[in-house]
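Engineer: fold the stuff below for me.
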Amino acid sequence: MKRVTKLLSVLAAGAMFMSALTGCGGGSKGADGDTIKVGGLLEMTGGSASFGISGKNGIDLALKKINEKGVLGGKKLSLVVADTKSEASEATNGMQKLISQDKVVAVIGPNQSSAVIASGAINNGAKVVDITPMGTNPDVTIDPKTKQVKPYSFRTCFIDPFQGTVMASFASNELKVKKAAIYIDNTSDYAKGLAQFFKENFVKNGGQIVIEEAYLQKDTDFKSTLTKIKAAQPDFIYIPGYYQEVGLIVKQAREMGINVPMAGGDGWDSAKLPEIAGKAALENTFFSSLYSPDDTSDLNKEFVAEYKKAYNTNPDVFAALAYDSALLVAKAIEDAGSADPAKIAEAMAKIKGFKGVSGEVTFNEQHNPIKSAVIIEHKDGKQTFKTKVNP
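Structural biologist: Numbering: from 1, shown residues only. Sure, this is the predicted structure:
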């Protein structure tokens, strides 16, 4: 009940804020002199902090490139960051601050679907574009009640139906497994969406779901549930959660003698995962993603070289998708010929054939790009490219 009350309070506050801003355009003043403010609503602390830190790195690198020429005749883009603390309620607060106080003309982030959905009422009410690098739940850009497109919500990533389908096909066709367990984060829209689409397609491919279990974000002891999963004797476990809990689940599962392949979605993509799970435990694990630093395109080679020079490590998917998101914002501003948020949104919706490091982007009528997926395998604690799956 406390959770429900808290959520209602957040929604009520968001509705009041949205009402106050509707029609006023939030950051309608656009450029301030020679600077245009862009928001970064990112997970800088909390359980998914590596997502936001990588994302900010990618955005910073993109803005460095953009500002060499500038936009609208030489204006510079300036990043203002708000921390979601890896929580949906904080994402709503952060979106309010970026739009009402900082007067940004567009926002990049968050990465977590729940946070994007929660904060979406704010930016849509204020008529300011938000583009999420990694919010894959369909409800990010579509209102589940009205089935209408949210006019100011965009994404740079594919959506959960495709990602769930990809892993179901990989499990059935590549790993040749027949009996799967599903273990989800019950607090995450992202995890629930992936689980749903994985289940539908795995069963359609002739597989059987032998058990479904759930945990909560920030849980640390998974042995009781893993005991139930082990007793069901699956030959594959699908864990569509985020790296913090996934790492502990994989570690504890291996300690209990559960040695079947395990897999998940792009929420696994973190350099912290091997530290949490241990290199040995991650053998025979896989995840679907939108990006691999091993991609051989010239654009990606240049990006990887620049990123390694700046941060002394390979970029992950969050860095790559945030980098592309920043470039898309800059393109929309240029195409609009204005820093007015409403015009930026109109221009964003018309983008076609944009070539980014994570692939080509053409927005469809639901503000989603159609993109390929890659399967990443862990070998000796390192991510290695396994295969690519086209839409």
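Engineer: shaky segments in the protein?
Structural biologist: 1-32, 391 (pLDDT under 70).
Engineer: residue 152 - nearest residue in space that isn't next to it in sequence?
Structural biologist: Nearest non-adjacent residue to residue 152, counting by C-beta to C-beta, 6 or more residues apart in numbering: residue 124, 4.7 Å away. Quick note: C-beta positions are derived from backbone N, CA and C, even for glycine.
Engineer: tell me the contacts of the one you found?
Structural biologist: Residue 124 makes contacts with 18, 150-153, as judged by C-beta atoms under 8 Å, 6 or more residues apart in numbering.
Engineer: so when I look at it, I'm seeing a helix, right?
Structural biologist: Yes. When DSSP: H, G, I helix; E, B strand; the rest coil is applied, residue 124 is found to be in a helix.
Engineer: and the residue nearest the centre of the chain, what is it in contact with?
Structural biologist: Centroid-nearest residue in the chain: residue 134, 1.9 Å away (criterion: C-alpha atoms, centre = their mean). Residues counted as contacts of residue 134 (C-beta under 8 Å, 6+ apart) are 51, 111-112, 155-157, 266, 290, 317-318, 321.
Engineer: how near is it to residue 380?
Structural biologist: Computed as C-beta to C-beta, to the nearest Å, the residue 134 to residue 380 distance reads 26 Å.
Engineer: again, but for residue 37
Structural biologist: 43 Å.
Engineer: so which of the two has more stuff around it?
Structural biologist: Neighbour totals were compared for residue 37 and residue 380, and residue 37 leads with 20 against 10 (other C-beta atoms under 10 Å).
Engineer: my read is that the more buried one contacts residue 81, right?
Structural biologist: No. Checked against C-beta atoms under 8 Å, the pair residue 37 and residue 81 is beyond contact range at 11.1 Å.
Engineer: the nearest residue to residue 91 once chain neighbours are set aside: how many residues sit nearby?
Structural biologist: Leaving aside its sequence neighbours, residue 91 sits nearest to residue 115 (C-beta to C-beta, 6+ apart; 3.6 Å). The local packing of residue 115 (other C-beta under 10 Å) involves 31 other residues.
Engineer: now swap in residue 261 and tell me
Structural biologist: 19.
Engineer: same check, this time on residue 262
Structural biologist: 27.
Engineer: which strand residues bridge it?
Structural biologist: For residue 262, the beta-bridge partners under DSSP bridges are residue 237, residue 285.
Engineer: tell me how far it lies from residue 284.
Structural biologist: 7 Å.
Engineer: now residue 170. Nearest residue, chain neighbours left out?
Structural biologist: Distances taken as C-beta to C-beta, 6+ apart place residue 375 nearest to residue 170, at 5.5 Å, with adjacent residues excluded.
Engineer: my read is that the one you found contacts residue 383, right?
Structural biologist: No. Applying C-beta under 8 Å, one finds residue 375 not in contact with residue 383, separated by 10.7 Å.
Engineer: compare the two (neighbour count), which wins?
Structural biologist: More crowded of residue 375 and residue 383, by other C-beta under 10 Å: residue 383, with 24 against 20.
Engineer: now do the same contact list for the residue nearest to residue 91.
Structural biologist: So residue 115 contacts 41, 43, 84, 86-88, 90-91, 135 (C-beta under 8 Å, 6+ apart).
Engineer: run the last query once more with 6 Å
Structural biologist: 84, 88, 91 (C-beta atoms under 6 Å, 6 or more residues apart in numbering).
Engineer: one more: residue 257?
Structural biologist: So residue 257 contacts nothing (C-beta under 6 Å, 6+ apart).
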